[in-house]
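> model the structure of this input:
(one chain, ligands or ions: 1)
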Amino acid sequence: MTTERAASALPFDPTDPVALTQALVRCPSVTPQEGGALALLSAVLSAEGYEVHRPVFSEPGMPDVENLYARIGTEAPVFVIAGHTDVVPVGDEAAWTREPFAGEIENGILYGRGACDMKGGVGAMVAAAIRYRRDNPDAPGSIAFLLTGDEEGPAVNGTVKLLEWAHRRGERFDHCILGEPTNPASMSDMIKIGRRGSLSGELTVNGIQGHVGYPHVADNPIRGMVRLLAALDAAPLDTGTEHFDGSNLEVTTLDVGNPATNVIPAQAKAVFNIRFNDVWTPDSLAAEIERRLREAAGNTVRYELKFRPTNSVAFLTEPGPFVAMVADAVEAETGKRPALSTTGGTSDARFIKSYCPVVEYGVVGKTMHQIDECVAVADLTALERITNRLLARYFAVQHRA
Ligand SMILES: [Zn+2]
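Down below sits the predicted model:
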């Protein structure tokens, strides 16, 4: 084995979650750029004895994206740690008070794009897994890493294809933790056990353009649009379920593009987005929206409705022994039991859930996608300890079973 030699070639200790996160932040991996982040993790993990693969996925009209799959151990159960190393663009760089890719630490805070979303999660969990296997070289089961470079982008050449790729190779997963920054303010706040789905629609109402002074020869589409939008908004889509809030429809834009005060416009357009719970599938929800519009329109409003394609379904990992095990590990290290939540936007967990139960837990996400994104050093070390504890518990329970 060349393990020791390779490991010592690294300029930092890979069991140190802060040093590892800092090294990752220094890789400018704005989607779809790999930026050196996966190469770094590949070096770190192969030095520890992981079998590492770097599949690149393509799609016509989209940039190629690099991904990483790594596994140590040959036996079941397979505990998967998932995440992404790509980050959103810096935005207005002049507004940053630190270099976005320098990974500076000041007063216990590590700054940089991706620090919390989610190089901190990746760094802490990789460090934890390495420490766990070093301390338990004969540990039962396997640990696998599923890391993508396409989460913040179209999410087409990332986790979806990586999961299919692994499945084709015969990889089978038992449980997964996704290290997205789930905590609003402190490390004991929140585990995500599900996510709402997302569906967007475009509504166009057609009228007849004309002179405001001669309305009988025109047909104002705004009148029809107001009626249709009111129908969409009239009754709640549902009242929520055991683990989810009610589904929510928001009209996100409403456009006529008419600069004149004496012209009745020809067309009005609106776009809406629905965040929906596990009552709905995208199809059943689309049918409900169509029904409401049809009824409101009657024979008088001429409209077109188009749904944008979505790969975002609602999912739930039912609370049970695995969810409890994650919550136990958080409570043991922070002194407080985290809430089980399904709030927030979508994540790659919506793809992983088709392969194995998945929960999300990571650092505090307050500054994600913001100027001066940062993560507390103490949160990185806490996440490392929590993950290490979770792995120890998981494999101890599996070993006994
Ligand atoms: Zn993220």
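> hey, let's count contacts and neighbours off CA atoms from now on
Will do.
> got a list of what the residue nearest to Ile72 when sequence neighbours are not counted touches?
For Ile72, ignoring the flanking residues on the chain, the nearest one in space by Cα to Cα, 6 or more residues apart in numbering is Tyr50 at 4.6 Å. Applying Cα atoms under 8 Å, 6 or more residues apart in numbering to Tyr50 gives the contacts 70-73.
> could I get the residues you listed as a markdown table with pLDDT, secondary structure and neighbour count?
Below are the contacts of Tyr50 laid out as a markdown table (pLDDT from 0 to 100; DSSP: H, G, I helix; E, B strand; the rest coil; neighbours: other Cα atoms under 10 Å):
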| residue | pLDDT | secondary structure | neighbour count |
| --- | --- | --- | --- |
| Ala70 | 98 | strand | 21 |
| Arg71 | 98 | strand | 21 |
| Ile72 | 98 | strand | 19 |
| Gly73 | 97 | coil | 19 |
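> what segments of the protein are helices?
Using DSSP state H, the helices found in the chain span residues 3-9, 17-25, 37-47, 120-135, 159-168, 221-234, 282-297, 321-334, 349-352, 377-400.
> if you average pLDDT over each of these, which is lowest?
Lowest mean pLDDT of the helices of the chain: helix 3-9, a mean of 50.
> and for Glu304, nearest residue in space, chain neighbours not counted?
Leaving aside its chain neighbours, Glu304 sits nearest to Thr204 (5.1 Å; criterion: Cα to Cα, 6+ apart).
> so the one you found makes contact with Ala270?
Yes - judged on Cα atoms under 8 Å, Thr204 makes contact with Ala270 at a distance of 6.5 Å.
> more neighbours: which of these two?
Neighbours per residue, other Cα atoms under 10 Å: of Thr204 and Ala270, the larger number sits with Thr204, 22 against 18.
> quick one: the more buried one and Ser347, what's the gap?
30 Å (Cα to Cα, to the nearest Å).
> with Ala329 instead?
With distances taken as Cα to Cα, Ala329 is found 22 Å from Ser347.
> same thing with Pro137?
Distance of Pro137 to Ser347, computed by Cα to Cα: 33 Å.
> neighbour-wise, which of those two wins?
Ser347 (20 against 10).
> ramachandran angles for that one?
Backbone geometry at Ser347, expressed as degrees, to the nearest 10, gives phi -150, psi 180.
> and the pLDDT for it?
Value listed for Ser347 in the pLDDT field: 89.
> that one and Val160: what is the separation?
With the distance defined as Cα to Cα, Ser347 ends up 12 Å from Val160.
> what about the residue nearest to Asn258 when sequence neighbours are not counted, neighbour count?
Among residues not flanking Asn258 along the chain, Pro265 sits closest, at 6.4 Å (Cα to Cα, 6+ apart). For Pro265, the count of nearby residues is 24 (other Cα under 10 Å).
> residues contacting Pro265?
By Cα under 8 Å, 6+ apart, the neighbours of Pro265 are 207-210, 220-221, 256, 258.
> in the stretch 51-200 of the chain, which spans are strands?
51-53, 56-59, 62-72, 78-84, 105-106, 109-111, 142-148, 175-178, 190-192, 194-195, 197-206 (DSSP state E, counting those that start in this stretch).
> for the fourth one, which strands pair with it and how are they oriented?
The pairing partners recorded for strand 78-84 under DSSP bridges are strand 142-148 (parallel), strand 175-178 (parallel).
> kindly report the same for the second one.
The pairing partners recorded for strand 56-59 under DSSP bridges are strand 62-72 (antiparallel).
> can you pull the buried residues of the strand it pairs with?
63-72 (16 or more other Cα atoms under 10 Å).
> angle of it against helix 159-168?
Inter-element angle recorded for strand 62-72 and helix 159-168: 50 degrees (by axes from the mean of the first three to the mean of the last three Cα atoms, to 10 degrees).
> from the rest of the structure, what touches strand 62-72?
Here strand 62-72 has contacts from 32-34, 38, 42, 45, 49-58, 142-150, 157-158, 162, using Cα under 8 Å, 6+ apart.
> give me the distance from it to the chain's centre.
Chain-centre distance of strand 62-72: 16 Å, with Cα atoms, centre = their mean, to the nearest Å.
> can you dump the C-alpha atoms of that strand in PDB for me?
The C-alpha trace of strand 62-72 is given here as PDB (Å, rounded to 0.1, in the frame of the first residue of the first chain):
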ATOM      1  CA  MET A  62     -25.100  21.500 -21.800                       C
ATOM      2  CA  PRO A  63     -21.600  21.700 -20.400                       C
ATOM      3  CA  ASP A  64     -19.900  18.400 -19.500                       C
ATOM      4  CA  VAL A  65     -19.800  17.900 -15.700                       C
ATOM      5  CA  GLU A  66     -17.300  16.000 -13.600                       C
ATOM      6  CA  ASN A  67     -18.500  13.900 -10.700                       C
ATOM      7  CA  LEU A  68     -16.900  11.600  -8.100                       C
ATOM      8  CA  TYR A  69     -17.900   8.200  -6.700                       C
ATOM      9  CA  ALA A  70     -15.700   6.600  -4.000                       C
ATOM     10  CA  ARG A  71     -16.200   3.600  -1.900                       C
ATOM     11  CA  ILE A  72     -14.300   1.800   0.900                       C
END
